[in-house]
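> the amino acid sequence is not available; the structure is as follows:
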């Protein structure tokens, strides 16, 4: 494993743990700003999980990211001046799905960039060649 790939994951996880488990919530500039923090934080976590551990199956990456989201949210409920919220959990889940979608798009872009064509596109490109070449 390339250990440099794990550095963004460790940094994002550290920020999420620090801000999620501190005794006082992060000050808000506008209403429901914490939902945006949850969404973007877990999107970044999922994206960096896929970067750090590309060999993992998507199911396990999503499952572990969601497990981390649930555990952090439950831990917030145990801290004075903090509370667990279903809205935050929904934002965490949407963030994980957003991060997976962005990582999938980035991977597809990377494959096109290096010239690797997915099987479906290779078949579509080969069909016109077969129909025009007659024996």
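Looks like it arrived, so ask away. This structure is a prediction, so every number in the text was calculated from the model and none was measured.

> quick one: secondary structure of residue 82?
Three-state assignment for residue 82 (DSSP: H, G, I helix; E, B strand; the rest coil): coil.

> scratch that, residue 106 is what I was asking about
helix.

> need phi/psi at residue 80.
Comment: the main-chain dihedrals of residue 80 come out as phi -60, psi 150, following degrees, to the nearest 10.

> ok, it - contacts?
Counting by C-beta atoms under 8 Å, 6 or more residues apart in numbering, residue 80 makes contact with residue 23. (C-beta placed from N, C-alpha, C; glycine too.)

> go on, residue 48?
8-9, 11-13.

> ok, for it, nearest residue in space, not its chain neighbours?
Take residue 48 and drop its neighbours on the chain: the residue closest to it by C-beta to C-beta, 6 or more residues apart in numbering is residue 9, 4.0 Å away.

> for the host helix or strand of residue 93, what is the average pLDDT?
Residue 93 is part of helix 86-113 when elements are defined by DSSP states H and E. In this model, helix 86-113 has a mean pLDDT of 93.

> residues touching the residue nearest to residue 106 when sequence neighbours are not counted, list them.
Distances taken as C-beta to C-beta, 6+ apart put residue 47 closest to residue 106, at 7.8 Å, once the chain neighbours are dropped. Shown here is residue 47, whose contacts under the criterion C-beta under 8 Å, 6+ apart are 99-100, 102-103, 106.

> and the residues you listed as JSON lines, adding distance to residue 24 and neighbour count?
JSON lines is the format used below for the contacts of residue 47 (distance: C-beta to C-beta, whole Å; neighbours: other C-beta atoms under 10 Å):
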{"residue": "99", "distance to residue 24": "27", "neighbour count": "26"}
{"residue": "100", "distance to residue 24": "31", "neighbour count": "19"}
{"residue": "102", "distance to residue 24": "31", "neighbour count": "15"}
{"residue": "103", "distance to residue 24": "32", "neighbour count": "20"}
{"residue": "106", "distance to residue 24": "35", "neighbour count": "13"}
